[in-house]
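Student: just the structure for this:
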Amino acid sequence: MPALLLIAHGSRDPRHAATVAALVEEVRAQRPAVEVATAYLDHCAPRIPQVLGQLTDAVAVPLLLNRAFHAKHDIPAALRAAGSRLPVADVLGPSPLLLAALDRRLAEAGLDVSSPAVRARTGVVLAAAGSSDPAADAATRAVAAEWRRTRGWAAVEVAYASAAGPRVPDALAALRAAGAGRTAVSPYLLAPGLLPDRIAAASDGADLVAGVLGAAPELAALLLRRHAEARRTEARRTRRPARALSA
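Tutor: Below you'll find the predicted structure:
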């Protein structure tokens, strides 16, 4: 079976690499038969060329929520520069497993997400990094809409930590204007670092603030799902037609 090469962006914040390592351990616990390796695009080691030499067969799985610049350009370019033709899995979002992970973090922060009545009076800010790619921000808004539709939140507003806006205080104000009796901020981010800290600092007006997705079991399961999907796609691509085999 091809190894799962997890490609993360990397950060100067040591909590980032520690969270990625914990997530890798969760993936291994869920699927011990799958070899898992990690490589980083920036800031952290090991980098992609260092890891590729240790793998004979692998599928690259981006640790990314949306298909923005890193997925479209950085990861393919880094693999090409390393002389690799590894198949690359799809990004993580959208997926019901991400919504389940968001629910988990809200529950850990003290919200009774199992209660329809609590959900119906709670407005949530889905606080994402933000992107210069309009399609990526549209994908985040679609996640927010699906989360509201499937959970019955009073409202879900999107806020961005690094893009033009809206910011978390703007989104909290919109929730209160919509009649939400309680407000929560849910970071749509993978690991601790500058942007989650910025979101937390801007969330003083919220009733509760959830943690980042981190090493959630649902996230590990989603990485394994993307790995399996990419393996099947690659098998179909390389399978020769029966006529060619009989020639």
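
Student: ok, and the closest non-adjacent residue to Pro192?
Tutor: Arg15 (3.9 Å; C-beta to C-beta, 6 or more residues apart in numbering). The way it works is simple: take the backbone N, C-alpha and C, and place the C-beta from them, glycine included.

Student: what do you get for Ala180?
Tutor: Using C-beta to C-beta, 6+ apart and skipping the chain neighbours, the partner closest in space to Ala180 is Gly123 (2.9 Å).

Student: secondary structure class for the one you found?
Tutor: Secondary structure, DSSP: H, G, I helix; E, B strand; the rest coil: Gly123 is strand.

Student: check contacts around the residue most central in space within the chain.
Tutor: Centroid check for the chain by C-alpha atoms, centre = their mean gives Leu65 as the closest residue, at 3.5 Å. Leu65 is in contact with 91-93, 98, 128, 140, 188-190, counting by C-beta atoms under 8 Å, 6 or more residues apart in numbering.

Student: test my guess that Ser203 contacts Val209.
Tutor: Yes: using C-beta atoms under 8 Å as the test, Ser203 is close enough to Val209 to be in contact (4.7 Å).

Student: picking that back up, what sits against the residue nearest to Pro192?
Tutor: 191-193.

Student: let's have the residues you listed in CSV, adding secondary structure.
Tutor: Below are the contacts of Arg15 laid out as CSV (three-state DSSP):
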residue, secondary structure
Ala191, coil
Pro192, coil
Gly193, coil
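
Student: need the residues touching each of Ser203 and Val209.
Tutor: Joint contacts of Ser203 and Val209 (C-beta under 8 Å, 6+ apart) are Val185.

Student: now, which of the contacts of Leu65 lie within strands?
Tutor: 128, 188 (DSSP state E).

Student: out of the contacts of Leu65, who's nearest Thr238?
Tutor: Comparing the contacts of Leu65 against Thr238 with C-beta to C-beta places Val91 closest, at 22.5 Å.

Student: give me the element Thr183 is part of.
Tutor: strand 182-188 (DSSP states H and E).

Student: Arg198 now?
Tutor: Counting by DSSP H and E, Arg198 is part of helix 194-201.

Student: who are the packing partners of that helix?
Tutor: strand 182-188 (3 or more C-beta pairs under 8 Å, 6 or more residues apart in numbering; DSSP states H and E).
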